[in-house]
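Enquirer: Generate a structure from the sequence data that follows.
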Amino acid sequence: MSFDKPLPIENSAKRRELWLDIAKGLAILFVIFGHTYKPDSILCVAVASFSLPLFFIVAGHLFNFPKYKGNFRGFFLHAIKRLILPYFFTMFVYILYWIIIQRPDFSLILQIFNKIYS
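Expert: Residues are numbered from 1 along each chain as shown. Okay, the predicted model is just below:
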């Protein structure tokens, strides 16, 4: 594969609609915006009322159904690789940070476990 030539913008096999990409990007920004402001503000409620539904509608429209048709196992393994493994890795790093830097007091957690399992 040569990297000298630019890729064609319009490929008949993978033609992208610019307005869908913009709508998905705006929906992602609105979801982030909705999670960063006070939940009781009017602006946050207004943004939250349409941002997540917009994101799901656009993402569902862009989902490649023929790629996974009749291949649930392939879809499931692909989802694990792309979503679940990075999630567990990120949580592992966060928990290590929390234990090393924050130095939590585990006495309350141990008391709860003792009450439950004793």
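Enquirer: Nearest to the spatial middle of the chain, which residue is it?
Expert: The centre of the chain sits closest to Leu83, judged by C-alpha atoms, centre = their mean, with a distance of 7.6 Å.
Enquirer: buried residues in whichever strand or helix holds Cys44?
Expert: Assigned by DSSP states H and E, Cys44 belongs to helix 42-62. Within helix 42-62, the residues that count as buried by 16 or more other C-beta atoms under 10 Å are Cys44, Val47, Ala48, Ser51, Leu54, Phe55, Val58. In short, each C-beta sits where N, CA and C put it, glycine included.
Enquirer: could you dump that helix to PDB, C-alpha only?
Expert: This file holds the C-alpha atoms of helix 42-62, laid out as PDB (Å, rounded to 0.1, in the frame of the first residue of the first chain):
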ATOM      1  CA  ILE A  42     -32.800  24.300  32.800                       C
ATOM      2  CA  LEU A  43     -30.000  24.200  30.200                       C
ATOM      3  CA  CYS A  44     -28.900  20.700  31.300                       C
ATOM      4  CA  VAL A  45     -32.400  19.400  31.300                       C
ATOM      5  CA  ALA A  46     -33.000  20.800  27.800                       C
ATOM      6  CA  VAL A  47     -29.800  19.300  26.500                       C
ATOM      7  CA  ALA A  48     -30.400  16.000  28.200                       C
ATOM      8  CA  SER A  49     -33.900  15.700  26.700                       C
ATOM      9  CA  PHE A  50     -32.600  15.300  23.200                       C
ATOM     10  CA  SER A  51     -28.800  14.600  23.300                       C
ATOM     11  CA  LEU A  52     -28.900  10.900  24.200                       C
ATOM     12  CA  PRO A  53     -31.800  10.000  21.900                       C
ATOM     13  CA  LEU A  54     -30.100  11.900  19.100                       C
ATOM     14  CA  PHE A  55     -26.900  10.000  19.600                       C
ATOM     15  CA  PHE A  56     -28.700   6.600  19.700                       C
ATOM     16  CA  ILE A  57     -30.700   7.300  16.600                       C
ATOM     17  CA  VAL A  58     -27.600   8.500  14.600                       C
ATOM     18  CA  ALA A  59     -25.400   5.600  15.900                       C
ATOM     19  CA  GLY A  60     -28.100   3.100  15.100                       C
ATOM     20  CA  HIS A  61     -28.500   4.500  11.600                       C
ATOM     21  CA  LEU A  62     -24.700   4.300  11.000                       C
END
